[in-house]
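Novice: sequence first, predicted model second:
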Amino acid sequence: ALTEQRCKLGKIGAELISKHLNTSFGELIERICRHGGDIIKFAGDALFVLFEPADGAPEAELSACVSRAALCALEIHTALCEYRPVDNVVLRLHSAITAGPFFGMHVGAAGRWEYMFAGAPLTQIRDLEEHSKVGYILISSDAYARVASDFDATELAPGTLLLRSVRDSAGLEPVPIERPFIDQATAWRLLPSLSCYVPSMV
């Protein structure tokens, strides 16, 4: 609906769409980073976010990652599920949380590269999507089993639950990622390599 409304305005409409989406994504990204999430891919108007334990971390740390993801999703939906960047524009969202090992790969050549990933969590997302609706936070049964003592959820189908609330967030504080500082000279040196991952239309 947003695209249809703004496209009627031609070039100005396209600029307004970009502005609205940039504002919305900015709010999302700020909250994701504050909870320790790492955005690994943009796919249209969707984000793939990784909450990753340290290499060789015990099983308990993976459960902590799922807790951070769930807490992050609940905060985002509370703040942004009916996000209104301007009058007469409402941006809505839905989320899915899965857990398990996955692998990533860099695919491409000749100046155009893409980061691809696969594994059980992606298969779980596909299954969750069948039950997704606006405003839903869906969580796979594998992921929920790790955090069932801290969060309330309702089963919608085998393997799919609707996350509803956190029972007590006192012990579940956000844990931001510690990102290394990159000076301007280093950033300019890395730019040609990173730009290979940016679609030409951007």
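Specialist: That came through fine.
Novice: got the buried residues for stretch 159-166?
Specialist: Buried residues in stretch 159-166, defined by neighbour count with 16 or more other Cβ atoms under 10 Å: T160, L161, L162, L163, V166. Just so you know, the C-beta spots here come from the backbone N, C-alpha and C atoms, and that holds for glycine as well.
Novice: just curious, which of these is nearest to L194?
Specialist: L163 (34.1 Å; Cβ to Cβ).
Novice: can you list the low-confidence ranges for the chain?
Specialist: 1-17, 20, 55-58, 85-89, 169-173, 200-202 (pLDDT under 70).
Novice: all the strands of this protein, residue numbers only.
Specialist: Using DSSP state E, the strands found in the chain span residues 38-43, 46-50, 95-97, 102-109, 112-119, 137-140, 151-157, 160-166.
Novice: where do the helices sit along this structure?
Specialist: According to DSSP state H, the chain carries its helices in the segments 2-7, 11-34, 59-80, 120-129, 141-144, 184-195.
Novice: elements contacting the fifth one?
Specialist: The helices and strands touching helix 141-144, judged by 3 or more Cβ pairs under 8 Å, 6 or more residues apart in numbering; DSSP states H and E, are helix 120-129, strand 151-157, strand 160-166.
Novice: still on that earlier bit, compare the helices of the chain and give me the one nearest W113.
Specialist: Short answer: helix 184-195, nearest of the helices of the chain by Cβ to Cβ, at 8.9 Å.
Novice: and the angle for that closest one with strand 112-119?
Specialist: For helix 184-195 against strand 112-119, the angle between stretch directions is 80 degrees (axes from the mean of the first three to the mean of the last three Cα atoms, to 10 degrees).
Novice: packing partners for helix 184-195?
Specialist: Secondary elements touching helix 184-195 (3+ Cβ pairs under 8 Å, 6+ apart): none.
Novice: 10 Å instead, please
Specialist: strand 112-119 (3 or more Cβ pairs under 10 Å, 6 or more residues apart in numbering; DSSP states H and E).
Novice: partner strands of the strand it packs on and their direction?
Specialist: Next to strand 112-119 in the sheet, as set by DSSP bridges, lie strand 102-109 (antiparallel).
Novice: and stretch 176-191, how far apart are its ends?
Specialist: End-to-end span of stretch 176-191 (Cα to Cα, to the nearest Å): 25 Å.
Novice: run through who's touching it.
Specialist: I32, C33, R34, H35, G36, G37, D38, F51, E52, L194 (Cβ atoms under 10 Å, 6 or more residues apart in numbering).
Novice: the same query, at a cut-off of 8 Å, please.
Specialist: The contact list for stretch 176-191 (Cβ atoms under 8 Å, 6 or more residues apart in numbering) reads C33, R34, H35, G36, G37, D38.
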